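Undergrad: Provide a 3D model corresponding to the input given below.
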Amino acid sequence: MVVSEIIELPKGRRKIITDEGEAFYLYKGELAKLNIITGEKIREEDYERIMMEILPKRAKLRGLNLLTRRPYTEHQLRQKYIDGGYPEQVIDTAIQYIKDVHCLDDYNYCVTYISYKSSSKSRRQIVNDLKNKGVSQSIIDEAYRKVEDNGDLTGEAEVIGRLLIKKHYNPQTATFEEKQKMMNFLYNKGFSMDSIREMVG
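TA: Predicted structure coming up:
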């Protein structure tokens with residue numbers, strides 16, 4: 001494997017591109033220690049050290065640091081790594097480590113998210129949100145059962161009621177046009193038509 005190009009980046013980072021089309025990032029000091037030079041071969045033992053030691057260690061710390069700031073799903077964290085230029089094998093190693101130390105768990109993420117968001121969003125909205133975060137339907141369904149069993153799931157009628165109050169909607173005084181507008185608003189939010197009709201009046 002030969003180094004085709006080394007691109008200078010801010011904060012001392014360097015992007016190394018090989019003749020095999022592979023790319024990874026190191027710091028200036030690491031290049032010097034490993035004697036990585038444009039046009040020269042990367043020694044097999046040095047490449048192994050980069051992929052098995054240097055980058056995985058950095059990726060693990062990066063992931064744990066991100067998770068101290070806010071929760072992520074596995075898909076979201078993986079995308080962060082991809083955006084950071086980490087090779088796939090390094091990403092897999094880092095994610096498995098973070099899962100093994102119980103800092104990354106899509107099921108627990110969903111339970112927390114559903115418990116919090118069910119007071120302001122419809123089930124359809126929440127499911128779409130979680131799917132967009134890369135969570136599977138089976139994990140979402142399992143998490144919903146857990147939240148419901150815990151008694152932490154807000155009923156659809158209660159959520160609609162809160163939205164009606166927030167919108168200053170009064171079913172006793174609302175005109176036909178106002179009712180239609182509110183029904184469309186709630187339907188677009190993912191609530192069932194039966195619940196909408198019951199609450200809107």
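Undergrad: now the closest residue to Leu9 other than its chain neighbours, which residues is it bridged with?
TA: Once flanking residues are discounted, Leu9 sits nearest to Lys15: 6.1 Å by Cβ to Cβ, 6 or more residues apart in numbering. Placement of C-beta: from N, CA and C, glycine included. With DSSP bridges as the criterion, Lys15 is bridged to Ile7, Tyr25.
Undergrad: check contacts around Lys15.
TA: The contact partners of Lys15, taken as Cβ atoms under 8 Å, 6 or more residues apart in numbering, are 5-7, 9, 23-25, 85.
Undergrad: Look up phi and psi at Gly39.
TA: With angles defined as degrees, to the nearest 10, Gly39 sits at phi 90, psi -10.
Undergrad: and what of Pro56?
TA: phi -60, psi -40.
Undergrad: My guess is it contacts Thr93. True?
TA: Yes: between Pro56 and Thr93 there is a contact under Cβ atoms under 8 Å: 4.7 Å.
Undergrad: And the helices in the chain, which stretches?
TA: Taking DSSP state H as the test, the helices found in the chain are 28-34, 44-49, 55-69, 74-83, 88-100, 106-117, 123-132, 137-149, 156-166, 176-188, 193-200.
Undergrad: how about those, which one is nearest Asp19?
TA: Closest to Asp19 of the helices of the chain is helix 44-49 (Cβ to Cβ; 12.8 Å).
Undergrad: Next, the buried residues of that closest one.
TA: For helix 44-49, a neighbour-count test (16 or more other Cβ atoms under 10 Å) marks 46-47 as buried.
Undergrad: Give me the contacts around that helix.
TA: For helix 44-49, the surrounding residues in contact (Cβ under 8 Å, 6+ apart) are 1, 34-36.
Undergrad: Going by neighbour count, list what's buried in the helix or strand of the chain with the lowest mean pLDDT.
TA: Within the chain, confidence by mean pLDDT, DSSP states H and E is lowest for helix 193-200 among all helices and strands, at a mean of 88. Residues 195-196, 199-200 are the ones in helix 193-200 that count as buried (16+ other Cβ under 10 Å).
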